[in-house]
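*Asks:* Provide a 3D model corresponding to the input given below.
(one chain, ligands or ions: 2)
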Amino acid sequence: MSKRDFSRMQRLVVKVGSSSLTYATGKLNIEQIERLVRQLVDLHNRGMDVLLVTSGAVGAGMGKLGFTARPRTIPEKQAAAAVGQGILLHMYEKIFAEYGIVVGQVLLTREDFADRRRFLNARHTLQAMLGLHVIPVINENDTVAVDEIKLGDNDNLAALVAGLVDADLLVLLSDVDGLYDGKPGAAGARVIKEIHEINDKIEALAGGVGSNVGTGGMATKIQAARIAMHSGLVTIIARASETDVLRRLVAGEPLGTAFWPSVKLVNKKRWIAYGATVCGRIHIDEGAVRALRQNGKSLLPSGVTGVEGSFEMGNTVSVIAPDGREIARGIVNYSAIEVEKIKGKKTGEIAALLGYKDYDEIIHRDNLALE
Ligand SMILES: Nc1ncnc2c1ncn2[C@@H]1O[C@H](COP(=O)(O)OP(=O)(O)O)[C@@H](O)[C@H]1O
Ligand SMILES: N[C@@H](CCC(=O)OP(=O)(O)O)C(=O)O
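*Replies:* Ligands and ions are numbered 1, 2, ... in the order given. Below you'll find the model as predicted:
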């Protein structure tokens, strides 16, 4: 059996990029979309849970509005997305319906992953849809996403969705065969088949977009693979137009570039590490670094040397080692003002310093995601 045999997996997230869904004219590539839908239906009929993350709203809107270049201003881009998202969903709905499959539109923003209540809400909705055999058709909510709440690219969105629903495999379909070790198309450049670690060398390979509709190029795909790897799932980058690409990938054919996971974080820790908004920084000493890293301990006030930012109890903060590196993220039991008062002190002193003591730990180990 091939290492890549995914035929028995339960849950698959497929992301398809604008470059594969639209022609250079900005109009939708219906044939490509039909081929993709047919493959998704086939996997769905086998009993797999299938979620589709689809770009193309801005591209489709550009086509409808007669834009030949990507809009320059954000409101114009959002207007194009508003027009295009309707076109996109209508088309998916129609094509999936030909196979008797019902789809549901899910539009998400960064905030849906950053706030744990919204995160759980989105998870319950997606789980309910899958339970009803509905295929979620997901995109970023471009029309309302301003900079602060924008993920900005669907590669990262797809990785977060894959983590949200505990998928087994994330497939990023694009207009290239995978991650090349040089400029795609250049003499001697080859697709890297397997990646077990994303290091500086791999990151340096990632260039920008290859079309006038794509966002992020390979850089955002590598970011997505990193999130997925740490969440314990495999990511494959492959060409959307490759014949029967999804069926062949699931059967174990070594198409594209596969990123293999390292450790599996439990759900909450995955959310702390990748979903939550970081509201501040807590600096700790070497002893605390050792306690957290080697001994799996909670962070106590005695190891804290400094506080940055203004955060409240329940917020997520970065934990910073003496050399300036972020070694963990965690949910704090005390606000920034409180941590400032109890830093460097023994737990026995907390009550006297604050006038109360709700917790011994500043961050409990269950709420701590280590790098
Ligand atoms: N090392 C690389 N290997 C493969 N593609 C690369 C590389 N560096 C940059 N790219 C570009 O990334 C593009 C795919 O990303 P993007 O344009 O965002 O597409 P999508 O719409 O599928 O997300 C390719 O067309 C390619 O030109
Ligand atoms: N949300 C945007 C897509 C953003 C994006 O990531 O695009 P792409 O790099 O083509 O997957 C849209 O629907 O046009």
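*Asks:* Pull the residues that contact whichever strand or helix holds Ala225.
*Replies:* Here Ala225 sits within helix 217-230, counting by DSSP states H and E. Counting contacts by CB atoms under 8 Å, 6 or more residues apart in numbering, the residues outside helix 217-230 that touch it are 15, 152-153, 155-156, 158-160, 162-163, 170, 172, 174, 179, 195, 198, 202-203, 205-210, 234-235, 237, 259-263, 265, 270, 273-274. (Each C-beta comes from the backbone N, C-alpha and C, glycine too.)
*Asks:* Any residue of stretch 10-22 touching ligand 1?
*Replies:* Yes: judged by CB under 6 Å from any ligand atom, stretch 10-22 comes into contact with ligand 1 through 17-20.
*Asks:* So which residues of this structure form strands?
*Replies:* With strands called from DSSP state E, the chain shows them at 11-16, 49-54, 103-108, 135-140, 169-174, 194-195, 234-239, 257-259, 278-284, 304-308, 316-320, 326-331, 368-370.
*Asks:* Can you say which of those is nearest to Gly355?
*Replies:* strand 304-308 (18.9 Å; CB to CB).
*Asks:* Taking strand 278-284 as reference, get the angle to that closest one.
*Replies:* 150 degrees (axes from the mean of the first three to the mean of the last three CA atoms, to 10 degrees).
*Asks:* Mind listing what's buried along strand 304-308?
*Replies:* Neighbour-count burial for strand 304-308, counted by 16 or more other CB atoms under 10 Å, picks out 304, 307.
*Asks:* ok and that strand relative to strand 316-320, angle-wise?
*Replies:* 130 degrees.
*Asks:* Not including adjacent chain positions, what is the nearest residue to the residue of the stretch 251-371 of the chain found nearest ligand 2?
*Replies:* Using CB to the nearest ligand atom, Gly256 is the residue of the stretch 251-371 of the chain that sits closest to ligand 2, at 15.7 Å. Distances taken as CB to CB, 6 or more residues apart in numbering place Ala238 nearest to Gly256, at 3.1 Å, with adjacent residues excluded.
*Asks:* Any idea what the one you found is bridged to?
*Replies:* Leu173 (DSSP bridges).
*Asks:* wait, isn't it in contact with Val250?
*Replies:* No: taking contacts as CB atoms under 8 Å, Ala238 lies outside contact range of Val250: 11.4 Å.
*Asks:* Please identify the buried residues of the longest helix anywhere in the chain?
*Replies:* Ranked by residue count under DSSP state H, the longest helix found in the chain is helix 74-98. Of all the residues in helix 74-98, those buried under the rule 16+ other CB under 10 Å are 76-81, 83-85, 87-89, 91-92, 95-96.
*Asks:* do stretch 269-278 as well
*Replies:* For stretch 269-278, burial by neighbour count (16+ other CB under 10 Å) applies to 269-276.
*Asks:* re earlier: now narrow the buried residues of helix 74-98 to whatever sits close to ligand 2.
*Replies:* Answer for the buried residues of helix 74-98 near ligand 2 (CB under 6 Å from any ligand atom): Ala81.
*Asks:* which one of the buried residues of helix 74-98 is nearest Arg8?
*Replies:* Scanning the buried residues of helix 74-98 for proximity to Arg8, where the rule is CB to CB, the winner is Phe96, at 24.4 Å.
*Asks:* In helices only, show me the buried residues of stretch 269-278.
*Replies:* Filtering those for helices - DSSP H - leaves 269-270.
*Asks:* Quick one: the buried residues of stretch 269-278 as a markdown table, columns for pLDDT and distance to Val304 too.
*Replies:* Shown next, in a markdown table, are the buried residues of stretch 269-278 (pLDDT from 0 to 100; distance: CB to CB, whole Å):
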| residue | pLDDT | distance to Val304 |
| --- | --- | --- |
| Lys269 | 84 | 21 |
| Arg270 | 81 | 25 |
| Trp271 | 82 | 23 |
| Ile272 | 87 | 18 |
| Ala273 | 87 | 20 |
| Tyr274 | 83 | 24 |
| Gly275 | 78 | 24 |
| Ala276 | 79 | 20 |
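*Asks:* Counting neighbours, what do you get for Ser19?
*Replies:* 25 (other CB atoms under 10 Å).
*Asks:* my guess is it meets Ser174, correct?
*Replies:* Yes: Ser19 is in contact with Ser174 according to CB under 8 Å; the separation is 6.4 Å.
*Asks:* Count residues in the vicinity of Ile30, would you?
*Replies:* The local packing of Ile30 (other CB under 10 Å) involves 12 other residues.
*Asks:* Got phi/psi on the residue of the stretch 251-371 of the chain closest to ligand 2?
*Replies:* phi 70, psi -160 (degrees, to the nearest 10).
*Asks:* show me the contacts for it.
*Replies:* 177-178, 191, 236-239, 249.
*Asks:* try Phe96
*Replies:* 37, 41, 102-103, 135.
*Asks:* Do I have it right that Ala167 meets Phe6?
*Replies:* No: using CB under 8 Å, Ala167 is not in contact with Phe6, being 10.9 Å away.
*Asks:* how about the residues of the stretch 1-150 of the chain near ligand 1?
*Replies:* So the stretch 1-150 of the chain meets ligand 1 at 17-20, 55 (CB under 6 Å from any ligand atom).
*Asks:* let's see it at 5 Å
*Replies:* Residues of the stretch 1-150 of the chain lying close to ligand 1 by CB under 5 Å from any ligand atom are 17-19.
*Asks:* just the residues you listed now: which is nearest Glu286?
*Replies:* Nearest to Glu286 among these, counting by CB to CB, is Gly17 at 44.4 Å.
*Asks:* For the residues of stretch 10-22 next to ligand 1, which single residue is the most surrounded?
*Replies:* Greatest neighbour count in the residues of stretch 10-22 next to ligand 1, by other CB under 10 Å, goes to Gly17: 32 neighbours.
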